[in-house]
Each structure stands twice: as C-alpha cells, then as structure tokens.
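Participant: Need a 3D model of the sequence below.
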Amino acid sequence: MKVGIIGAGQVGSATAFALIMRGVARKVVLIDANEKRAQAEAMDIAHATPFAYANKIKAGTYADLNGCEVVIITAGANQKPGETRIDLLGRNVKIFESIIPQVVAAAPDTILLIASNPVDIMTEVALKLSGFPRERVIGSGTVLDTARFRTLLGYHLGISPKSVHANVLGEHGDSEVLIWSNGDGGTVQIEELARMVDKPLTPEVKAKIDDCVRNAAYQIIEGKGATFYGIAGAMCQICQSITNNEYAILTVSSHHDEVEGIKDVCLSMPTVIGKRGVHNVIYPRFSESEHRDIKFSAEKIKEYTEEALTQISLTK
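Facilitator: Modelled structure (predicted):
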C-alpha cells in the first residue's frame, strides 16, 4: 500500500511512523508546506525501518501522490488550549481549498482520509471540493473516541479493552454520544456485565467515563500542547482495514443522506471499511435518550457544515 500524508506536523508524522512500524504501508510520502520539516521527519522515520519492515518513506510533492491508495490529510490549524474544534473551521476550510484540488489532480483514484478538525465538517468540505464518490471520502470520526471509551470501560471492568464492544457516535467533538445501551463484553450487555463482576456502572461512574472520553483532547492539549499518538493509531487502523480489505466495522465519519431526520450530514456510525472505502453503514438500535442525543449532534454538525460550505462558495 502506498499512502500519502499531507501535513508533517505531530499528527502527520506520528501517523507515518505508525504506518511504517506496523507494516501497514509499503511506501509513505510526506508533504508539508515546510519542506525541511517533511524531509527531517521522513529521514528520522526512515532510520527506524531496520527495526520494523523494509518499507520506504520520503518527503515529496503532490506529483508523488500518483498511485497512492490512500491520501491522509492532517494539515490544518492546531487546536489551542481552550479552543474547540469548531473554532478551527474558517482557517481549515481555506487550507483545504488549496490542498484538495492538488490531491485530486495527482491521485484521482485515491481514498481521502481526513483527520483535520473539525473532522466531520472537513470531511464534507473534502467531499464537495474533490467531487469524489462518498465512499472514497472518509473522516477519522469517532474511531479514537470509541477507543477511549473502550479503554476506560476495560479498566473499570478489569477486562481487555479489545474485548469491549461499545461505540461513540455522532460528532467527533463536544456533542458526541457514548452509546451505553448496546455495548457488550463477552456477548453480555455492558451494564449487566458490570454487575456480574461486582463493578457496577453507577451514574457517578458513567458520568466520570463520559467526561474523560468527551474531554480527553482538552486535557491532553493542556498538558502537552497536542494529541497525536491516539489519532495516529486510529488512522493506521483505518488504513489497515482498507489495504487488507478487512470489512472491519469502524466508527468513521462519512456522508449520510439522513440521520434522525437531519439530511446530508457527515458523522460517525458503525461503518464497514474495505478496499473501496465505505462498503456499508450500520444503524444501531438506540435508547430514547440516545436517539435525541444523536439528533442533536447531527443538528450541530449540519449547522456548521452549512457555514463551511458557504465559505467555499464565497471564495470561488
């Protein structure tokens, strides 16, 4: 698999490192407006390949994206302490207007994988700017949020997070929805399992887990300035599902005709990912409150998406 990464900052370089060290990509091309940064990151990662796989990484230009199965976009303004993902919207729309046409010209058959925030809205922006079919424009969505949720549940229950099946859906952001009603471990509903192992999910425990998942990025940014290892792992997992045609179910963000009555919106639902990108979308059963929360999340995304698309039309 050949992967291009636009943006050699902390997220882009961590993603490149994960792809190389896990052997998911045979070739990685790093592109950044700061060419020296891209060259330095590529050189540094290349020096780790003898400890992993005989893969190749280099800094390049948009022309080098030819033949890429996936092009990952991490470029964009950084989220600052106290700043929400939505605050990045205007700055990142302008960046995408420069990036996307060049990617399309160089790699017209690629799958676009978006990590730039606010990711749901930027996925819709990328879809409109690229003209690609919807199955080939994917956002990282709540794959990372879901991993955070499963990790915390696993720690609480005393089981491996890999054995927990519970999702975060909707927006990758403040309105995201932790789905408690259909989570399970060992085929046992998660709250019932908690009672069985004498570690009940009390309202206080659930509130603490919700807060830790929802506000994890803010806590990490306050402590070290940026989040990058977790999202790099998520991007690597999505790429692996594509290159191996795994038909894995991941909570990526993609375009939906309608979700809870809200039309034409990108958000996260359990999604079957394989060689073509999005193969199918699964709409789970929700509790009554989860239905309301998903609708609210979709409404918020739709509101800001319309604002972003207006900005595109104004600049053309």
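Participant: what ranges do the helices span in this protein?
Facilitator: 10-21, 35-46, 89-106, 119-130, 143-157, 190-196, 203-214, 216-224, 229-243, 288-315 (DSSP state H).
Participant: Contacts only, for residue 192.
Facilitator: Under the criterion of CB atoms under 8 Å, 6 or more residues apart in numbering, residue 192 has no neighbours. Using the backbone N, CA and C atoms, a C-beta is placed for each residue, glycine as well.
Participant: so residue 89 makes contact with residue 118?
Facilitator: Yes: between residue 89 and residue 118 there is a contact under CB atoms under 8 Å: 6.0 Å.
Participant: Quick check: neighbours shared by these two?
Facilitator: Applying CB under 8 Å, 6+ apart, one finds that residue 89 and residue 118 are jointly contacted by residue 304.
Participant: Please parse the protein into its domains.
Facilitator: Annotated domains of the chain cover 2-139, 143-315 [automatic domain parsing].
Participant: Between residue 89 and residue 118, point out the one with more neighbours.
Facilitator: residue 118 (27 against 20; other CB atoms under 10 Å).
Participant: average model confidence for stretch 129-143?
Facilitator: For stretch 129-143, mean pLDDT is 97.
Participant: So that it lines up with my notes, have the first residue be 51 from now on.
Facilitator: Sure thing, new numbering starts at 51, so read that last one as stretch 179-193.
Participant: if we can go back for a sec, out of the helices of the chain, the one nearest residue 222 is which?
Facilitator: Comparison of these against residue 222 by CB to CB identifies helix 169-180 as nearest, at 4.9 Å.
Participant: Show me what the closest one is packed against.
Facilitator: Helices and strands touching helix 169-180, as assessed by 3 or more CB pairs under 8 Å, 6 or more residues apart in numbering; DSSP states H and E, comprise helix 139-156, strand 161-164, strand 187-189, strand 303-309, strand 312-318, helix 338-365.
Participant: how about those, which one is nearest residue 324?
Facilitator: Comparing the helices and strands packed on helix 169-180 by CB to CB, strand 161-164 comes nearest, at 10.5 Å.
Participant: Quick one: distance of the closest one to the chain centre.
Facilitator: Chain-centre distance of strand 161-164: 10 Å, with CA atoms, centre = their mean, to the nearest Å.
Participant: bridging residues for residue 315?
Facilitator: residue 306 (DSSP bridges).
Participant: Might one say that it is in contact with residue 354?
Facilitator: No: with contacts defined as CB under 8 Å, residue 315 does not count as touching residue 354, sitting 10.2 Å away.
Participant: between those two, who's got more neighbours?
Facilitator: residue 315 (26 against 18).
Participant: So residue 309 versus residue 278, what's the distance?
Facilitator: Per CB to CB, to the nearest Å, residue 309 is found 29 Å from residue 278.
Participant: Sorry, slip of the keys, the one I care about is residue 90.
Facilitator: Counting by CB to CB - residue 90 and residue 278 are separated by 16 Å.
Participant: So between those two, which is more surrounded?
Facilitator: residue 278 (21 against 16).
Participant: Which neighbouring residues are in contact with that one, exactly?
Facilitator: 60, 61, 63, 64.
Participant: Please identify which pair of those residues lies farthest apart.
Facilitator: Going by CB to CB, the pair spanning these furthest: 61 and 63, at 7.6 Å.
Participant: Neighbour count for these two, which is higher?
Facilitator: Just comparing residue 61 and residue 63: by other CB under 10 Å the higher neighbour count belongs to residue 61, 27 against 24.
Participant: ok, that one touching residue 283?
Facilitator: No: taking contacts as CB under 8 Å, residue 61 lies outside contact range of residue 283: 11.3 Å.
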